[in-house]
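1. Prediction below, plus the sequence it came from.
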Amino acid sequence: MRVNRWWYQVAADDTLWRPLCDRVWLLRTRREDAASWYAAFAAHQQLWGRYRGVYSRVRGAWDRFLDVVLAKLPRLAQTLGGTAIRDEDERLAGGR
C-alpha cells in the first residue's frame with residue numbers, strides 16, 4: 001500500500017506535468033482555478049483531447065500569427081477581435 005501511495009505522489013508531482021502541459025497544450029502559465037499542473041493538463045485534455053494530435057501545431061501557428069499581426073498590423077488585429085481565439089480557449093477551459 002505504501003508503494004502505491006508513493007507512486008501516486010510521484011506521478012502527480014508538478015515537475016512532471018508542467019513540461020507536459022507546455023509540450024502538449026502550450027500552457028506556460030497555470031490558470032488560477034487549476035489546483036496543479038496535473039489538473040490543468042486534465043482540464044485541457046477533457047476539453048481539447050480529441051484534437052491532441054494537431055492542437056499544439058495549430059495553436060502554435062495561430063499564436064505566432066497573432067503575435068505578428070499585433071506587432072505589425074494593429075488595425076488588422078482589431079478586425080480579428082485581437083486575441084479572441086486565445087480568450088475563447090481560456091473561457092472554454094475555465095467555464096466547465
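-> Looks like it came in fine.

2. average pLDDT for stretch 30-38?
-> The predicted model gives stretch 30-38 an average pLDDT of 88.

3. wait, I meant stretch 74-94
-> Here the mean pLDDT over stretch 74-94 is 65, rounded to a whole number.

4. Count the residues that sit near residue 76.
-> Under the neighbour criterion other CB atoms under 10 Å, residue 76 is assigned a count of 11. Every C-beta, even on glycine, is put in place using the N, C-alpha and C of the backbone.

5. so it touches residue 69, yeah?
-> Yes. Here residue 76 reaches residue 69: they are 5.5 Å apart, a contact under CB atoms under 8 Å.

6. Quick one: end-to-end length of stretch 22-32, please.
-> End-to-end distance for stretch 22-32, by CA to CA, to the nearest Å: 16 Å.

7. List the buried residues in it.
-> Buried residues in stretch 22-32, defined by neighbour count with 16 or more other CB atoms under 10 Å: 24, 25, 26, 27, 30.

8. want to try a markdown table for those residues, with secondary structure and distance to residue 9 as columns?
-> Formatted as a markdown table, those follow (DSSP: H, G, I helix; E, B strand; the rest coil; distance: CB to CB, whole Å):
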| residue | secondary structure | distance to residue 9 |
| --- | --- | --- |
| 24 | helix | 22 |
| 25 | helix | 23 |
| 26 | coil | 27 |
| 27 | coil | 22 |
| 30 | coil | 19 |
